[in-house]
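J.: Show me how the following folds:
(one chain, ligands or ions: 1)
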Amino acid sequence: MLRVVVLGAAAGGGVPQWNCGCTVCRAARDDHPELRSTQASVAVSADGDHWFLINASPDLRQQVLAAPQLHPKAGLLRHSPIAGVILTNGEIDAVAGLLSMREGSPFTIYAHAKVLAILKANSIFNVLSEKNVRREPIEMDRPFEPTLPDGAPSGIEVEPFTVPGKAAWYLEGGVHPGGSDGQGDTLGLRIRDKATGKYLYFLAACAEVTDELKTRLAGAPLVLFDGTVWRDDELIAAGLGNKTGQGMGHIAMSGERGAIEQLTGLDIGQKLFLHINNSNPALLRGSAERKIAEGAGWQIPSDGTEIVL
Ligand SMILES: [Zn+2]
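T.: Numbers count the residues shown, from 1 in each chain. Sure thing, here's the model as predicted:
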């Protein structure tokens with residue numbers, strides 16, 4: 001059985017974002033606390049006892065507190081069911097949570113060499129001593145089985161693959177510690193329960209749905225997909241920023257080239273949007289945009305949503 005818990009579904013900043021007065025953030029702060037969402041991360045497990053985080057968001061502490069699956073086992077003085085963290089990119093909202101896991105419990109960080117190079121170049125991550133926290137490079141199209149802290153197999157197979165995207169925002173215009181050549185800054189993951197064969201796809205950032213990606217996702221039991229913006233120029237139109245979705249490496253939900261249209265008719269079992277920015281009107285229950293997304297078979301999950309495959 002593959003268990004998946006959506007720890008957070010929001011993009012960077014969360015909902016509400018600390019300095020934002022947009023419609024969604026105001027509603028989340030005031031009359032609609034149900035709109036509140038932490039920054040995107042999911043936990044997966046094949047045995048229900050040991051869990052792997054996909055990305056470590058800045059809201060990790062709050063997310064672990066809210067998820068009983070991730071609490072220390074009763075009777076143990078020091079323990080965590082979190083066996084590892086698999087990073088799909090080096091953005092703040094994917095790596096900052098690692099700093100909240102610095103209290104000496106053993107786990108493994110799995111990431112592409114480009115993302116590991118970013119961690120290495122930022123000495124603050126040295127707080128995660130190599131003695132307790134191993135850093136394992138992963139490669140595109142090379143499936144691997146993450147292990148438990150005692151070295152036992154987890155029963156989960158993870159296959160990383162390249163998706164169209166960008167390097168972390170804070171590296172723009174600077175020198176990438178992992179070099180400027182090649183891919184690896186944005187990964188998608190296929191996560192499969194080795195015992196049952198059930199699997200899901202995780203793509204928190206994706207700039208474009210290519211034909212190759214469609215072929216890959218066709219027939220998948222579950223897809224968690226980039227839902228950052230409803231339309232490409234949403235931040236500009238709302239007066240919230242000067243970046244387009246594409247400029248940030250994110251496809252829009254709507255439009256001919258958008259995720260909803262492009263992932264229609266692929267026989268995907270369950271489709272969930274993830275990494276949803278607070279500017280996205282599809283967050284508002286009852287909005288026209290929400291109805292279109294749901295009408296096309298998409299779910300916008302609340303934090304804590306658990307799916308069993
Ligand atoms: Zn906002």
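
J.: Only C-alpha atoms from now on, for both contacts and neighbour counts.
T.: Fine.

J.: Run through the residues of the stretch 1-150 of the chain sitting next to the ion.
T.: Residues of the stretch 1-150 of the chain lying close to the ion by C-alpha under 5 Å from the ion are 20, 22, 25.

J.: hang on, isn't the second one packed against residue 279?
T.: Yes: the pair residue 22 and residue 279 qualifies as a contact (C-alpha atoms under 8 Å) at a distance of 6.9 Å.

J.: Which of these two has more residues huddled nearby?
T.: residue 279 (24 against 16; other C-alpha atoms under 10 Å).

J.: how close does residue 190 get to residue 213?
T.: As judged by C-alpha to C-alpha, to the nearest Å, residue 190 and residue 213 stand 12 Å apart.

J.: Have a look at the two and say which one is more surrounded.
T.: Set residue 190 next to residue 213 and count neighbours by other C-alpha under 10 Å: residue 190 wins out with 21 against 16.

J.: Look up phi and psi at that one.
T.: The phi and psi values for residue 190, taken as degrees, to the nearest 10, are phi -110, psi 130.

J.: Not including adjacent chain positions, what is the nearest residue to it?
T.: residue 201 (4.6 Å; C-alpha to C-alpha, 6 or more residues apart in numbering).

J.: got the contact list for the residue in the stretch 151-300 of the chain that the ion sits nearest to?
T.: The stretch 151-300 of the chain approaches the ion most closely through residue 278 (4.6 Å), counting by C-alpha to the ion. Shown in contact with residue 278 (C-alpha atoms under 8 Å, 6 or more residues apart in numbering): 10, 11, 13, 14, 15, 16, 17, 22, 24, 25.

J.: Low-confidence ranges, the chain, go.
T.: Filtered on pLDDT under 70, the chain yields the residue ranges 182.

J.: Going by residue numbers, what spans are helices in it?
T.: Remark: helices assigned in the chain by DSSP state H are 23-29, 60-66, 92-95, 113-121, 211-217, 234-237, 259-262, 288-295.

J.: which one of these is the most hemmed in?
T.: helix 92-95 (a mean of 22; mean count of other C-alpha atoms under 10 Å).

J.: What number of residues are in the vicinity of residue 129?
T.: 13.

J.: residues contacting it?
T.: residue 104.

J.: quick one: it and the ion, what's the gap?
T.: According to C-alpha to the ion, to the nearest Å, residue 129 stands 36 Å off from the ion.

J.: before we move on, the earlier item: which of the contacts of residue 278 has the largest number of neighbours?
T.: Greatest neighbour count in the contacts of residue 278, by other C-alpha under 10 Å, goes to residue 10: 30 neighbours.

J.: So in terms of bridging, what pairs with that one?
T.: Beta bridges link residue 10 to residue 39, residue 276, judged by DSSP bridges.

J.: Quick check: it touching residue 275?
T.: Yes: shown here, residue 10 and residue 275 form a contact pair, counting by C-alpha under 8 Å, at 4.5 Å.

J.: Residues that sit against both of those two, list them.
T.: Joint contacts of residue 10 and residue 275 (C-alpha under 8 Å, 6+ apart) are 39, 40.

J.: could I get the helices of the chain as TSV with distance to residue 135?
T.: Output for the helices of the chain, formatted as TSV (distance: least, C-alpha to C-alpha, whole Å):
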stretch	distance to residue 135
helix 23-29	36
helix 60-66	19
helix 92-95	13
helix 113-121	7
helix 211-217	28
helix 234-237	36
helix 259-262	33
helix 288-295	38
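
J.: Of these, give the one that comes closest to residue 75.
T.: Ranking these by proximity to residue 75 (C-alpha to C-alpha) places helix 60-66 first, at 17.5 Å.

J.: Report the distance from the closest one to the chain centre.
T.: Helix 60-66 sits 15 Å away from the centroid of its parent chain (C-alpha atoms, centre = their mean, to the nearest Å).

J.: returning to what we had before: wait, doesn't the residue nearest to residue 190 sit right on residue 223?
T.: Yes: between residue 201 and residue 223 there is a contact at 4.7 Å, judged by C-alpha under 8 Å.

J.: C-alpha coordinates for stretch 23-35, PDB please?
T.: This file holds the C-alpha atoms of stretch 23-35, laid out as PDB (Å, rounded to 0.1, in the frame of the first residue of the first chain):
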ATOM      1  CA  THR A  23      -8.300  38.600  -2.100                       C
ATOM      2  CA  VAL A  24      -7.300  35.000  -1.200                       C
ATOM      3  CA  CYS A  25      -4.800  36.000   1.600                       C
ATOM      4  CA  ARG A  26      -7.300  38.400   3.200                       C
ATOM      5  CA  ALA A  27     -10.100  35.800   3.100                       C
ATOM      6  CA  ALA A  28      -7.700  33.200   4.600                       C
ATOM      7  CA  ARG A  29      -6.700  35.600   7.400                       C
ATOM      8  CA  ASP A  30     -10.200  36.600   8.300                       C
ATOM      9  CA  ASP A  31     -13.400  34.700   7.500                       C
ATOM     10  CA  HIS A  32     -12.100  31.700   5.700                       C
ATOM     11  CA  PRO A  33      -9.400  29.900   7.800                       C
ATOM     12  CA  GLU A  34     -10.200  26.800   5.700                       C
ATOM     13  CA  LEU A  35      -8.200  28.500   2.900                       C
END
